[in-house]
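Requesting a structural model of the entry that follows:
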Amino acid sequence: MVDVAVIEDPAAAEVSLDPVRARLLAELAEPGSATMLAAKVGLPRQKVNYHLRALERHGLVELVEERRKGNVTERVMRAAASSFVISPVALAAVAPNPANSPDRLSARWLLAVAAQLVRDVGALITGAERARKKVATFAIDGQVCFASAATRAAFAEELTAAITALVSKYHDETAEGGREHRLVVAVHPSVPRDDAVAGNGPGTLPGPAGA
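Below you'll find the model as predicted:
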C-alpha cells in the first residue's frame, strides 16, 4: 500500500466521494472483509459488498486474500492507498488555469497554481508507478510569524530576490540533456489543523522529499 494515491479518473473520483464508500476506504487502511466492515459501518453485508465492488472496479481497493469458510468464500480487501488526492484532471473542463490571470498577490491565483501543482505531480507519480521508477522532488513546508504587514512585505521582496538570483545562477536552457523543473513558492496565512504534526512548529523547515 502506498501512502498517497492520485485519482485522475472522473468516475473514480465520483465513487470515492460517496460518504459510505469514503468511510469504507478509511476502514480499509487495514485489511478487512465485507462481514467485518458491515459490523463497523452498520450496514448489511450485501450492501457493503455492493460498495466494495464499485471501489474495486475503479482500483481504489484491492484483494488481499480469499478465505474459504464452508460453502462461502470470504474476500479480504484493502485500500489501494492510505490516503487519496483527487487531481484537477478529474474535472478537466473546469480546472483552473493560472495563466488566465497571473497575480502573485491573489489568493485565487495561488489556488489555481496549487491545483496545477497537484495535477502535474499527480501525473508524474502515475507515470513513475507505471515505469516503476521514483520521482525526484524537493519540498519545504514551514511556518514563519511576521510582526506586521510591513515585515511580511519585506520578507516577500527578499525571498523574491534570493530566488531570482538562484534561478539565474543555475538555469541553463542550452544544457544538453537538461530537464526543466517547475518552481513554486507560496506564502499564505496558516490555517489551524487538528492533525498538526508535532515538531513542525514555527520556523521548522523539513528537508527534501521524494516520491
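
For residue 63, give me phi and psi.
phi -80, psi 130 (degrees, to the nearest 10).

check contacts around it.
Contacts for residue 63 were tallied using Cβ atoms under 8 Å, 6 or more residues apart in numbering; they are 56, 75, 76, 77. Where you see a C-beta, it was placed from the backbone N, CA and C, and this is true even at glycine.

Report whether the last one is found in a helix, as I expect.
No. Read with DSSP: H, G, I helix; E, B strand; the rest coil, residue 77 is strand and lies in no helix.

Give me the spatial nearest neighbour of it, chain neighbours excluded.
residue 61 (4.8 Å; Cβ to Cβ, 6 or more residues apart in numbering).

Kindly provide the distance from the one you found to residue 30.
12 Å (Cβ to Cβ, to the nearest Å).

More neighbours: which of those two?
Taking other Cβ atoms under 10 Å, residue 61 and residue 30 do not tie; residue 61 has more neighbours (24 against 9).

OK, contacts around the more buried one?
By Cβ under 8 Å, 6+ apart, the contact set of residue 61 is 24, 25, 28, 52, 55, 77, 78, 79, 80.

tell me which of these is nearest to residue 4?
The shortest approach to residue 4 among these belongs to residue 80, at 10.6 Å (Cβ to Cβ).

Bridge partners for the residue nearest to the spatial centre of the chain, pull those for me.
In the chain, the centroid-proximal residue (Cα atoms, centre = their mean) is residue 85; its distance is 4.0 Å. Note on residue 85: beta-bridge partners by DSSP bridges are residue 6.

Distance-wise, check it relative to residue 16.
10 Å.

what does residue 107 give?
27 Å.

So for these two, which sits in the more crowded spot?
Legend: neighbour count by other Cβ under 10 Å for residue 107 and residue 16, higher for residue 16 (20 against 10).

Against residue 122, how distant is that one?
14 Å.

Find me the pLDDT at residue 3, would you?
Reading off the confidence values, residue 3 has pLDDT 89.

Actually, residue 208.
Each residue has a pLDDT score; the one for residue 208 is 43.

Which residue ranges make up the domains of this structure?
Annotated domains of the chain cover 2-84, 92-134, 136-211 [automatic domain parsing].

List the buried residues for the helix of greatest length in the chain?
The longest helix of the chain (DSSP state H) is helix 107-131. Residues of helix 107-131 classed as buried: 109, 110, 112, 113, 114, 115, 116, 118, 119, 121, 122, 125 (neighbour count, 16 or more other Cβ atoms under 10 Å).
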